[in-house]
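here's a sequence, model it:
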Amino acid sequence: MIKIFIRILIVLFVMIVLLLTLFSFKMARQIGMPKGMSLEEEKQWEKTHGVWSDYDENLSDKYTVKGKDDYTLHCQVISSAQTQNSKKYVIISHGYNSNRNGAVKYAETYLSLGFKCIVYDLRGHGENEKTACTIGNYESQDLIKIIDDTYSRFGGDIYLGLHGESMGSSTSLSALKYKPDVHFVVADCGFTNLYSLIQTQLSNYKMGFTAPFIDADMRILYGFSMKDTNAKDALSENAIPICFIHGGSDTFISPENSEIMKNTTQGYSEIHIVDNAEHAQSREVLGCDEYTSIVGDFIETVCSQELAKTN
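Numbers count the residues shown, from 1 in each chain. Next comes the predicted model:
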C-alpha cells in the first residue's frame, strides 16, 4: 500500500513539473516573442478610437537606423506645415504589441507644440525583422542609437525630447542610464521593472511562484533575464526632467510604478494621475487639448529652468 502511495506521489510530482515546465515555457515565448499588430491594424485601431485625427495630412519621411548589434529599425519623421523648419524634435516609443502607428495618438500633441515627431518600430515589432523583445532593455540601447542618429541627421543644435507609452516608457526611462543628450522625457504608464510586473500579474491568478521559472526560460530561450529590464534602476543618477502620466484606474501597471520612479529620479519631475483612465488610456480620457496642456506646461517649465541656468 505504501509503495502504491509513493508511486502516486511520484506520478503527481512528475505531472506538476511537466505542467510547470510547459506553462513557464509558453509564458516566456509569449513575453519574449510578441505577435504584434500590423501597421494597418494599428492604424484602424487608432481611427476607431478617434486618436488618428488628421495625421495623414502631415508630411512624413521614412528611413532606417541600425540599433544594437546592427539590428535594423524602421523609423519615420512627421512634421506639419507649421513645423517644417522646427528645430524641436521628440522621439515617441510605442507600447508592447503595437508599432510606430501606435505612437500617432501623441503626434498631434507635439505637432501643436511646434515639434517634429520621430516614430519607429521597436525591436520585434512593426516592419522590423522578428526577434526577441526585452520590453525595454535592448530597446533602450536601440533608442540610444536613434538619438545619436537624430543629431547626426537633423543637426547638433536641435532640442530633443523622449515620449514613451508602457513598454515605450520603460524604453525611454531605461535609456537614461546611458546619459543621452535629451532635454526631457514624458513617461506614460511605465513600470519599474519587468520581473516585478510579470510576478504581480501572475500573483493575481495565484501563480506568482512561477515567475522564477519563466525568467529561467527567458534566459535559456533568449539569453536575457526579465530582471535586466529595470527602468527604476536607470533613474538613480538621472538629472533629466521627467513628466510621469498614469491612469488612475490602470490595473495592468499600477500608478504606484510611476510614483516609485518619481521618487527615485534625481532631477526635476512631476506626476499626473488621470482619473478613470485604464492602461494606456490617459490620452483618450483627457482628450488631446488637456493632454497637450499637461505636456506643454511641463516642457515650458523645463525650458524656463534651463534658461535660468544659462543666465
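
low-confidence bits of this structure, can you list those?
Low-confidence segments of the chain (pLDDT under 70): 305-311.

what segments of it are strands?
Ranges of strands within the chain are 59-66, 72-79, 88-93, 116-120, 159-165, 184-188, 242-247, 269-274, based on DSSP state E.

residue 130 versus the residue lying closest to residue 143 once chain neighbours are set aside, what's the distance?
Nearest residue to residue 143, sequence neighbours excluded (C-beta to C-beta, 6 or more residues apart in numbering): residue 175, at 4.6 Å. For the C-beta atoms, the positions are set from N, CA and C on the backbone; glycine is no exception. Summarising the geometry, the distance separating residue 175 from residue 130, computed by C-beta to C-beta, to the nearest Å, is 23 Å.

neighbour count for these two, which is higher?
Applying other C-beta atoms under 10 Å to residue 175 and residue 130 shows that residue 175 carries more neighbours, namely 28 against 12.

quick check: which of the strands of the chain is buried the most?
Mean neighbour counts were compared across the strands of the chain using mean count of other C-beta atoms under 10 Å; the top stretch is strand 184-188, at a mean of 29.

that one pairs with which strands?
For strand 184-188, the pairing partners within the sheet under DSSP bridges are strand 159-165 (parallel), strand 242-247 (parallel).

if we can go back for a sec, I'd guessed the residue nearest to residue 143 sits against residue 162; true?
Yes - proximity of residue 175 to residue 162 meets the contact threshold set by C-beta atoms under 8 Å, at 7.2 Å.

need the residues touching each of those two.
residue 143 (C-beta atoms under 8 Å, 6 or more residues apart in numbering).

which of the strands of the chain sits closest to residue 280?
Proximity of these to residue 280 was assessed by C-beta to C-beta; the nearest stretch is strand 159-165, lying at 5.5 Å.

the inter-axis angle of that closest one versus strand 88-93?
With axes from the mean of the first three to the mean of the last three C-alpha atoms, to 10 degrees as the criterion, the two stretches strand 159-165 and strand 88-93 enclose an angle of 20 degrees.
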